[in-house]
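>>> Pasting a predicted model and its sequence here:
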Amino acid sequence: MSEHLPILQVVVPLLAGPLCLLLRHRLLVRGLATAVPLACLTIAGLLLHRVQQVGAISYHIGGWAPPLGIEYRIDLANAYVMVIVSAIAAVVMPFLPGHMGSAMVRRREHLFYAIFLLALAGLLGISATGDMFNAFVFLEIASLASYSLVALGRHRRALVAAYSYLIIGTIGGTFFLLGIGLMYQMTGTLNMVDLAHRLPEPMSPGTPGSRTVLVAFAFLAVGLSIKLAVFPLHQWLPRAYAHAPSAVSAFLAATSTKVSYYLLVRVVFSLFGAAYVFDALKLDRLLLPLSIVAMFAGSTAAIFQTDLKRLLAYSSVAQIGYMTLGVSLASVTGLTGGLVHLFNHALMKGGLFLAAACYGMRLRSSRIADLAGAGRLMPWTTAAFVTGGLALIGVPGTAGFVSKWYLVLAALEQGRWLVAVLVVASSLLAVAYVWRVVEVAYFADRDAGAHPIKEVPPLLLVPTWILIGATVYFGLRTELTAGVAEAAAGVLWESLR
Amino acid sequence: MSPEQAIAAALLVPLLGAAGVLLCRRRPNVREAVTVLATLLTFGAVASLVPAVTAGGRPGLELFEVLPGLPLAFAVEPLGMLFALVASGLWILTSIYAIGYMRSHHEGHQTRFYACFAVAIAAALGIAFAANLFTLFLFYELLTLTTYPLVTHHGDERARRAGRLYLGLLMATSIVLLLTAIIWTYAVAGTLDFRPGGILAGRADAPLAIVLLLLFAFGTGKAALMPFHRWLPAAMVAPTPVSALLHAVAVVKAGVFTVTKIVLYVFGLDLLRTSGGGEILAWVAAATLLLAAAVATVQDNLKRRLAYSTISQLAYVVLGAALANGTAALGGSLHVAMHAMAKITLFFCAGAIAVTAHKTEVSQLDGIGRRMPITCGAFFLASLSIIGLPPAGGTWSKWFLVLGAADGERWAMVAVLLAGSLLAIGYLMPVVVRAFFYPPPAAGEGHGEAPLLCLLPLTLTALGCVGQFVFAEPLYRLLAPIAGM
Amino acid sequence: MPFPVDAILFVFLLTMAVVIARRQELFSAAMLTGLFSLLSAGLFTLMDALDVAFTEAAVGAGFSTILLLGALTRTTGLEYQQRRPRTRPLMIVFSTGAALIYGTLDMPHFGDPAAAIHHHVTPDYLARTPVEIDVPNVVTAVLASYRGYDTLGETMVIFVGGVGVLLVLTGRWRWRRRVR
Amino acid sequence: MSASILGLWNYWAVIVLMMTGLYIVTARDNLVKKVMGLNIFQVSVIMFYVSMAKVRGGTAPILVEGEETVLYSNPLPHVLMLTAIVVGVATTALALALVVRIQEAYGTVEEDELVRIDDDDG
């Protein structure tokens, strides 16, 4: 059994999706949908443990050895990502029926869960696979599922947001496919390990070598950057996250961009190798400024939002900037910072969107102005929001600080003190947008005529606080985050090439 | 109680107190009893550490490693011991005062007030006991965050604006400058532990040391070096006990404590001297010292005048550290305690006058000494301490500062120190003179002395100022090791 | 030089694409899209991709066209006249196209039997299929065995698409007009 | 140069088609038209892959019993493209479903109209 863990990780949610349609009964479906992410989390935990003990695991699907067959290849980096993805899926689950109840006809709930589980399966599949085309297939599963989920928002704008997400996402996916094609053309293989060995070496630093390989890399990178919402390809993200149901925003914000980031990192480091990407192509010269611009532009835009979810979405654009900055610093410390932030940002943004979902449930609005008085009337939700906000700022004792620590350290190690200062300075913008919300929640009074509100039930508070509590815990104990991330960064850095 | 347990207790009791305050929010009397009990227990725990530290011990407590090589750890050395004593001791008096003040002022949100206050004390003690820069920074930010609701206590537009400035300036300086400096130090030295003699010595060349020193000094926004001092006068909108907390008990003391500690244990006096960084910092401090004092003389609002006085007096501490010799460092450290006692008295008096006579401007205080003799007498004693005249504790700290400057033949600094004292006379004495010697306004006013719960603490602290003059010896013995004496 | 059927097909395809781009009657544009798929199926046949051609003809030309026509009956048959200048899309398109053409420069030439892809992995497929799978059509063999997992994924894509369409189309909730 | 024109023109033709599709997606306002563009874009990518698979003088990769010397075109891209076609259709279907709903909710499927309506909503 245990040797089949890699495939179970993906196949369990993949088959649970259709099963939802067969079961149909509401309670059965809910039970299944609650159990599957927990099972995934268990498997991911076991896998991470195994990988820590014995190193990378290669699983040959159907028994066909790569490169003929499809390989699942689990190492520290993707085991780590899979733990995050399944944990977030497990945590947001209680929000789905409660939140969707108002927006959806009850009879459709099983469809919703089917899609949700397939989105999970898609994301896990992208993480687990060691085959580029297989990654594309699962990328499309995850993307199609995300488009449908976003479309379920309460406002009709959700439809338009989902549509534009679909268009830009499909263009991204197709670019990715083109990149795979070009790479395949030069090597004849789709397997990542095999690709890494067969991609032609760059002639010498400064000359990129084969033009086809160069363009292949460009298309892979651009395609994934679209999915990851790297500035300036991020426009779809604020709309999609603002109008999707809050629980869906929480799930997508915490997992979808993270998996794209993982895949980008995998392509950059494992397939092409740091020597190619940074020494020959000088990608850092492009990505570094873009990341910094993303940090500032995203945060600045967040300051001026009047809608809580849009604010969080723009903040995501900025936080993705931190993650890509980690890549562009082109060092193990930098990559560690990026990977740690991947984990930490998943926790804090997931928690913040869940808090937004709690507000949405009681206030029936996500406008910041409507939060007036929430500090007193919904103390636990607001406390969760503030703690999550502090983590976004990067206050010591929260997870955000750990990420920032590594990023600044990486910048200073290379003597790029300006980058270091910009990283810390951009967190001031986070102070600004977090505090806008805090002031309204604590120091403004709710309109006398507004409908009465009270704290949300524990069923919703507990998951929110699990994520928010985790941001504090992982701000103080970092063996699991920074420790694994550092090891994973080492693996990626050394890997394959 | 073993020293480890005492450290843990000192940090935990205020937190538990905060939790207790929240739990007893519906019964004000029980709530206040919890606060007072917490203050007493905390002070007891802190005080129990004194013998060990005076005897040369350095009790410590290491919790766990947060980042590689960066544990959350505590170690008590003389300077931190002194700061912890000041913070926990004055917390007792401030709490009693706050009970009187908040009740007679009918302030709202009192539960939040007491809870945040307690957490702020825990944060201050965390700063005092921190064994490395990382731990210190963690509690430093915690202190900023927990004092924010206190500054914004009234919640109106003015308070919110002050809160924004407070949080914005302290966060901005600490994140952009201080954090950068900390990580940079880590990158250079590979550790952030506080060690006698410094961790940068031998690892950083002179230009880097200067850059880092300035980053640290300005990054510690709580030390209120100009031009990052604006938050302190702005925060005057808060209730008076909060001003006491900011100016005397914890916040600004945490700032100058941080600067002194960094100078002593991260740079070391030698590096400070040889790199020339000390000279630059000394001039920055001197400029702040004189400018703030000059501004104070023209303020009519009593609390604002005291606020600028605080900025000026803080610069004394920073200057003491920057002069880079043992005597001056001792004087500066001593001034942390002396200024705390004096300034808390002054704020208690200002608050008592505001509560009783509803007067906030200096020009309104004509003849008030006749109605409130005890309050104004306390004000006078505390003023002497700030100026540095016997029989008040400030005499000693200023004495060592001048001595230190003279030792190094830094005559310009001696002049600055003396000019600062003269200016202090200029902004404090007129208040006393007005209160006692000017005729009261014609219309009779029906108030007498301040409420007992306010009067008692301010009398005690005023006597404390005198006590610090008479019994300065234990403090001197406690601090002597840092000066290498 | 043999009769360039493929070149003529390309000319047809390109003409059709341009007409689709410019045509404002959407019904005829939809029909042309179907025809475009059908013609590409012909091109696939020329390039030995029989299975792809079949699928494209059935799915691309048939099913997609039906979907398009169905959608048009429920929306509108006529596209608006566009006035806004279109420089940004043109820039995107030209730079992408230029990048791709630049990328082809180092590619093996069309039909080159020496290309890398014909000498790694694929020879194994061709050699092992008769032994291991015993299906003459190698495409089917690979699809069902070596890369069968992709096929499972493909099924799931269809499934997600179908359920997504159901969910989007049949949810009868009311949209709020305003955000609040 | 002329050698590469002769050897690569097929790819270039495919790229031109692909860009026409991409242009329709990015430049046109009508949401249905965009879907048509997406179709053209995706079909062209399939053509790209199929072109890679072609071997001059080869035949479709259907094995002939007993023949050892037959030259086959590469079957793997065909396999991949069967999947890609399906992905494309699923995307088209979902996009069109969204378009139909947008028409119901807004009364239009022109992008600039939608933007205008949303702006008016505030």
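Received the coordinates, thanks. These figures come from a predicted structure and were not determined experimentally.

>>> In terms of pLDDT, where does residue 95 sit?
Just going to use chain A. We note a pLDDT of 81 for residue A:95 in this prediction.

>>> my bad, chain D
Residue D:95 is given a pLDDT of 95.

>>> That one sits in which helix or strand?
Using DSSP states H and E, residue D:95 sits in helix D:75-106.

>>> average model confidence for the lengthiest helix in chain B?
Secondary structure of chain B read by DSSP state H shows that its longest helix is helix B:326-357. Throughout helix B:326-357, pLDDT has a mean value of 86.

>>> count of residues packed around the nearest residue in space to residue A:39 that is not next to it in sequence?
Distances taken as Cβ to Cβ, 6 or more residues apart in numbering or on different chains place residue A:12 nearest to residue A:39, at 5.7 Å, with adjacent residues excluded. All C-beta atoms are positioned from the backbone trio N, CA, C, and that covers glycine. Using other Cβ atoms under 10 Å in any protein chain shown, residue A:12 is surrounded by 19 other residues.

>>> Okay, strands next: where are they in chain A?
Remark: strands assigned in chain A by DSSP state E are A:57-60, A:71-74.

>>> measure the residue nearest to residue A:39 to chain D for me?
Per Cβ to the nearest Cβ, to the nearest Å, residue A:12 is found 22 Å from chain D.

>>> Looks like that residue contacts residue A:37 (just checking).
No - proximity of residue A:12 to residue A:37 does not meet the contact threshold set by Cβ atoms under 8 Å, at 9.6 Å.

>>> At the geometric centre of chain D, which residue sits there?
residue D:42 (1.2 Å; Cα atoms, centre = their mean).

>>> State the phi and psi torsions of that residue.
phi -70, psi -40 (degrees, to the nearest 10).

>>> Now it. Nearest residue, chain neighbours left out?
According to Cβ to Cβ, 6+ apart, the nearest residue to residue D:42 is residue D:88 (4.1 Å).

>>> just residue B:393 next, same as before
residue B:468 (2.7 Å).

>>> Any idea how many residues pack against the one you found?
24.

>>> what packs against the helix or strand containing it?
Remark: residue B:468 resides in helix B:452-470, with elements defined by DSSP H and E. Packing partners of helix B:452-470 (3 or more Cβ pairs under 8 Å, 6 or more residues apart in numbering or on different chains; DSSP states H and E): helix B:78-105, helix B:326-357, helix B:373-387, helix B:394-407.

>>> for the helix or strand just after it, which positions count as buried?
Sequence order places helix B:473-479 as the next helix or strand after helix B:452-470, per DSSP H and E. For helix B:473-479, burial by neighbour count (16 or more other Cβ atoms under 10 Å in any protein chain shown) applies to B:475, B:478, B:479.

>>> Off-centre distance for helix B:473-479?
Offset of helix B:473-479 from its chain centre (Cα atoms, centre = their mean, to the nearest Å): 19 Å.

>>> which residues are in contact with it?
With contact meaning Cβ atoms under 8 Å, 6 or more residues apart in numbering or on different chains, helix B:473-479 is reached by B:50, B:53-54, B:78-79, B:81-82, B:330, B:333-334, B:337, B:396, B:468.

>>> pretty sure the residue nearest to residue D:42 contacts residue C:60?
Yes - in this structure residue D:88 lies within contact range of residue C:60 using Cβ under 8 Å: 7.3 Å.

>>> Give me the common contacts of these two.
D:39, D:43.

>>> So which of the contacts of helix B:473-479 is the closest to chain A?
Minimum distance to chain A across those is 21.6 Å, recorded for residue B:79 (Cβ to the nearest Cβ).

>>> Just to check, that closest one is in contact with residue B:264?
Yes - between residue B:79 and residue B:264 there is a contact under Cβ under 8 Å: 7.0 Å.

>>> Please report how far residue B:426 lies from residue B:317.
21 Å (Cβ to Cβ, to the nearest Å).

>>> Ok, residue A:40 next?
In terms of Cβ to Cβ, residue A:40 sits 57 Å off from residue B:317.

>>> go on, residue B:61?
Counting by Cβ to Cβ, the gap from residue B:61 to residue B:317 is 27 Å.

>>> And residue A:416, by the same measure?
For residue A:416, the distance to residue B:317 equals 35 Å [Cβ to Cβ].

>>> who has more neighbours, the two?
Per other Cβ under 10 Å, whichever of residue A:416 and residue B:317 has more neighbours is residue B:317, with 29 against 16.

>>> Mind pulling up the pLDDT for the more buried one?
Looking at residue B:317, the pLDDT reads 88.

>>> Wait, it touches residue B:261, no?
No - with contacts counted by Cβ under 8 Å, residue B:317 stays clear of residue B:261, the gap being 11.2 Å.

>>> and chain B, which residues reach chain A?
Residues of chain B found near chain A (Cβ under 8 Å from any Cβ of the partner chain) are B:64, B:66-68, B:72, B:134, B:137-138, B:141-142, B:145, B:149, B:152, B:155, B:159-160, B:163-164, B:167-168, B:171-172, B:175-176, B:179-180, B:183-184, B:186-187.

>>> Now, of the residues you listed, which are buried?
B:66-67, B:72, B:134, B:137-138, B:141-142, B:145, B:149, B:152, B:155, B:159-160, B:163-164, B:167-168, B:171-172, B:175-176, B:179-180, B:183-184, B:186-187.

>>> Good, wrapping up.
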